[in-house]
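Asks: Structure of the sequence below:
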Amino acid sequence: MTAEELWRKSGFTGTYEAWSFGEAPDELAELVVQEIKTATCSAYDLYQAEGEPIPKVGDYSIILNSDGEAVCIIKTTMVYVTEFNKVSSEHAYKEGEGDRSLDYWREVHINFLTNELASVHQSFDENTKVVCEEFEVVYK
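Replies: I've put the predicted structure just below:
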């Protein structure tokens, strides 16, 4: 099903963004559907480089799998910007990946953010700002 088809079927109105998680989109989308993954993060500087606004509370997103098929609709419930080295163990747990520990989160996200920032010719360090987003599934 396409994002547009899922949006129409849901009965929601207004606007939405459709996207997939950068690494392991199928696995992470499934964690969202199971409501294990209720948070995500991305590099703040990437939004700046691409001239995109950061997510805001109340935004709707359609999560896509690796084939571009719509999996579910989420609604953003919290957004904040912090430095990578200040991300909490609570946020790491809400991301739902691996053993859900901060150590696991840091290991995976150092690689992810390094690659994400390299795509816009920037580098990662422990003080890199990240956009932390929490969400809830509103339609499956």
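Asks: Just the mean pLDDT for whatever helix or strand residue 107 lives in, thanks.
Replies: Residue 107 is part of helix 102-118 when elements are defined by DSSP states H and E. Here the mean pLDDT over helix 102-118 is 95, rounded to a whole number.
Asks: same deal with stretch 48-60?
Replies: On average, stretch 48-60 scores 95.
Asks: so how far is the first residue of that stretch from its last?
Replies: End-to-end distance for stretch 48-60, by Cα to Cα, to the nearest Å: 21 Å.
Asks: got the buried residues for it?
Replies: Of the residues in stretch 48-60, those buried under the neighbour-count criterion (16 or more other Cβ atoms under 10 Å) are 55, 59, 60. In this view, the C-beta of every residue, glycine as well, is placed from N, C-alpha and C.
Asks: Just list the residues touching the closest residue to residue 104 other than its chain neighbours, thanks.
Replies: In this structure, residue 104 finds its nearest non-sequential neighbour in residue 98, 3.8 Å apart by Cβ to Cβ, 6 or more residues apart in numbering. Counting by Cβ atoms under 8 Å, 6 or more residues apart in numbering, residue 98 touches 104, 105, 108.
Asks: my read: the last one touches residue 97, true?
Replies: Translated: residue 108. Yes. Taking Cβ atoms under 8 Å as the definition, residue 108 is a contact partner of residue 97 at 6.4 Å.
Asks: and these two? which has more neighbours close in?
Replies: residue 97 (21 against 16; other Cβ atoms under 10 Å).
Asks: so what's that one up against?
Replies: Under the contact definition (Cβ under 8 Å, 6+ apart), the residues listed for residue 97 are 28, 31, 37, 104, 105, 108.
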